[in-house]
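Undergrad: Structure, please.
(chains A, B, C and D)
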2 protein chains.
Amino acid sequence: MKIERNDATADLSAQIATAIRDAIVSGQLPVDERLPSEAELAEEFQVSRSTVREALKRLAAQSLIRTQRGAFGGAFINRIAFEDAYGQHVTTSTLLLSMNAVSFDVACEARFAMERACAPFAVKRRTADHLATMRAEIQKQSQPGLSDESWCASDVAFHRAFVDSAGNPVISYQLAGSVEAMQPLMNMITFTARNREKIILLHTEIANYLDLGNPGAVEKILIKLSDYTKTLAYDVIAAKDKEKRA
Amino acid sequence: MKIERNDATADLSAQIATAIRDAIVSGQLPVDERLPSEAELAEEFQVSRSTVREALKRLAAQSLIRTQRGAFGGAFINRIAFEDAYGQHVTTSTLLLSMNAVSFDVACEARFAMERACAPFAVKRRTADHLATMRAEIQKQSQPGLSDESWCASDVAFHRAFVDSAGNPVISYQLAGSVEAMQPLMNMITFTARNREKIILLHTEIANYLDLGNPGAVEKILIKLSDYTKTLAYDVIAAKDKEKRA
DNA sequence: AGACTTTTAAATGTATGACAAATGAAAATT
DNA sequence: AATTTTCATTTGTCATACATTTAAAAGTCT
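TA: I've put the predicted structure just below:
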């Protein structure tokens, strides 16, 4: 089924993981199929059990397999759930943004551009539930004592509900990375009462136009929101620069 | 810096991996920082070296760390490159589509919706290079003897160039999952000479309107392309159903 | 003194063997 | 027939040993 060795550039466990991963991705190993036991794989690849285990842990880290102990246990090809994929995507995207000096502008542009793409579908498919969630988050955002972290979390929840209202799980999955990965960046912005007021207004308009079924208007508000977010970020960055020079 | 144990629901190696991952994601461990050696981590977490190694392999599978052998080697926090992230994203997205019975329509809608979101930026920022790449792929697609696989690969390359022309690496990264993950689905569609002709025409129009700087027109062509792709998929599915009934 | 070679210590990679713990099937018992 | 016990299988963890790689440090030669 799969053979290799003598690559020499990579660890054995990495090579074995790649071989099995390829078999999974290419569809040779169907979902819920059981892999051979660790001992059998060790025999098959002519390596020790530890090496096989390290390979399997690599695959488990990507949710490609799950393991079960006991007789009739073993490693099984895992059906990746949207939930698992979200998590990995968010982790990767977050690190990508924080480690690669992606500017706030670029991240913001990407996020809102894709969010705008949801508008036409959202007006067609949003349910009462989606609207209720969005309005509930707006309500939460209006509470005076809300901490910056809770404010940002509610902001993410609002946008998440909007994206989900487009009724396309693939879009939701793809956008989770953009929206949630920006949360650390957003957390750095201090939202004063005045800022919040303005954003809440825009959120309300989005909900209203979504309710009315006007995609163009929703897109326009999203542009305003994007611009305003960028403005706030500029101010924060400018203030930090000033502080640094002082 | 990080402690746990007694979770009982998860493996020790998974718990340790999570602890270190959290420290990385939260920014406590800066890029290129060296983790303690395996022996030291084993001591710190009060587990065996094998268990630590399995945890580290999990992190390595997500490109969170890289390891180096030899004195002064060890595990270092890895700066995730866009390239690494692409790869993981494509793998996950591909499996998500193939394992979760995501309909062709849903995948197609997501892909083209996000691609349309690129149009306004693409007309502003596309370079001569991008246009040249797109036209070169169109040229390739016009060759009569091209296999279905090569055709699809060239199709991906064309759309990739278009997305890249928007000049936003975050958008490019997010879209890589959608565009490339659909390749297996696209490969199932047999593109006759007549089909190809029509798609090549649409590709040409995209390149032309991009050249002219007309984002609205580009979006309209993308909608046409999306619709046509869906039509082709319907036909293939219908033909398969017929075959099955026969 | 400076350039080259050798040694050495530290770290990861791999192998082996042992035992613990979980688990479901099969056998034994009530 | 239902329940309990036994048992084989498999993953999880630990301990130890050795191979391999690597760069610094020490040594050697010109």
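Undergrad: where in chain A is pLDDT low?
TA: Scanning chain A for pLDDT under 70 picks out the ranges A:1-8, A:246.
Undergrad: Give me every residue in it lying close to DNA strand D.
TA: Counting by Cβ under 7 Å from any atom of the strand, the residues of chain A close to DNA strand D are A:35, A:37-39, A:49-50, A:53, A:56, A:67-75. Using the backbone N, CA and C atoms, a C-beta is placed for each residue, glycine as well.
Undergrad: Tell me the buried residues within those residues.
TA: When those are checked for burial by 16 or more other Cβ atoms under 10 Å in any protein chain shown, the buried set is A:35, A:38, A:53, A:56, A:67, A:74-75.
Undergrad: quick one: which of those sit in strands?
TA: Of these, the ones assigned to strands by DSSP state E are A:67, A:74-75.
Undergrad: can I get those in a markdown table with distance to B:Ala101?
TA: Putting these into a markdown table (distance: Cβ to Cβ, whole Å) gives the following:
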| residue | distance to B:Ala101 |
| --- | --- |
| A:Thr67 | 25 |
| A:Gly74 | 25 |
| A:Ala75 | 23 |
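Undergrad: between these, which is nearest A:Ile199?
TA: When these are compared for distance to A:Ile199 (Cβ to Cβ), A:Thr67 comes out closest, at 45.3 Å.
Undergrad: so the closest one touches A:Lys57, yeah?
TA: No. With contact defined as Cβ atoms under 8 Å, A:Thr67 does not count as touching A:Lys57 (9.2 Å).
Undergrad: ok so, going back, ok, and which of the buried ones among the residues of chain A next to DNA strand D reach chain B?
TA: For chain B, the contacts drawn from these by Cβ under 8 Å from any Cβ of the partner chain are A:Arg53.
Undergrad: possible to save the buried ones among the residues of chain A next to DNA strand D as TSV with distance to A:Ala181?
TA: Shown next, in TSV, are those (distance: Cβ to Cβ, whole Å):
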residue	distance to A:Ala181
A:Leu35	33
A:Glu38	36
A:Arg53	32
A:Leu56	29
A:Thr67	29
A:Gly74	35
A:Ala75	30
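Undergrad: Which one of the buried ones among the residues of chain A next to DNA strand D is nearest to DNA strand C?
TA: Taking Cβ to the nearest atom of the strand as the measure, A:Arg53 is the one of these closest to DNA strand C, at 8.6 Å.
Undergrad: Against A:Val90, how distant is A:Leu222?
TA: A:Leu222 is 21 Å from A:Val90, where distance means Cβ to Cβ, to the nearest Å.
Undergrad: Okay, strands next: where are they in chain A?
TA: Under DSSP E, chain A gives strands at A:65-68, A:74-77.
Undergrad: Quick check: can you list the domain ranges of chain A?
TA: Listed by automatic domain parsing, the domain ranges of chain A are A:12-77, A:83-245.
Undergrad: Surely A:Ala113 and B:Cys118 touch.
TA: Yes. A:Ala113 is in contact with B:Cys118 according to Cβ under 8 Å; the separation is 7.5 Å.
Undergrad: shared neighbours of the two, anything?
TA: B:Ile171 (Cβ atoms under 8 Å, 6 or more residues apart in numbering or on different chains).
Undergrad: With neighbour numbers in mind, choose between those two.
TA: A side-by-side neighbour count of A:Ala113 and B:Cys118, using other Cβ atoms under 10 Å in any protein chain shown, places B:Cys118 first with 30 against 25.
Undergrad: can you tell if stretch A:178-192 touches chain B?
TA: Yes. Against chain B, stretch A:178-192 shows contacts by Cβ under 8 Å from any Cβ at A:178, A:184.
Undergrad: quick check, distance from that stretch to the centre of its chain.
TA: With Cα atoms, centre = their mean, to the nearest Å as the basis, stretch A:178-192 stands 14 Å off its chain's centre.
Undergrad: okay, how far is it across it, tip to tip?
TA: Stretch A:178-192 has an end-to-end distance of 24 Å (Cα to Cα, to the nearest Å).
Undergrad: Ok, stretch A:54-74 next?
TA: Taking Cα to Cα, stretch A:54-74 runs 15 Å from one end to the other.
Undergrad: before we move on, the earlier item: as a markdown table, the strands of chain A with distance to B:Gly145 would be great.
TA: Below are the strands of chain A laid out as a markdown table (distance: least, Cβ to Cβ, whole Å):
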| stretch | distance to B:Gly145 |
| --- | --- |
| strand A:65-68 | 41 |
| strand A:74-77 | 37 |
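Undergrad: from memory A:Val52 sits against A:Ala42, does it?
TA: Yes. A:Val52 is within contact range of A:Ala42, at 4.8 Å (criterion: Cβ under 8 Å).
Undergrad: Tell me which of these two has more neighbours.
TA: Between A:Val52 and A:Ala42, A:Val52 has the larger neighbour count (other Cβ under 10 Å), namely 27 against 18.
Undergrad: Quick check: that one vs chain B, distance?
TA: 11 Å (Cβ to the nearest Cβ, to the nearest Å).
Undergrad: residue contacts, A:Ala238?
TA: Not one residue lies near A:Ala238 by Cβ under 8 Å, 6+ apart.
Undergrad: repeat for A:Arg125
TA: Contacts of A:Arg125 (Cβ under 8 Å, 6+ apart): A:165-167.
Undergrad: what do you get for A:Ile20?
TA: When contacts are counted by Cβ under 8 Å, 6+ apart, A:Ile20 touches A:2, A:29, A:35, A:55, A:59, A:64.
Undergrad: Please consider this matter closed, and thank you.
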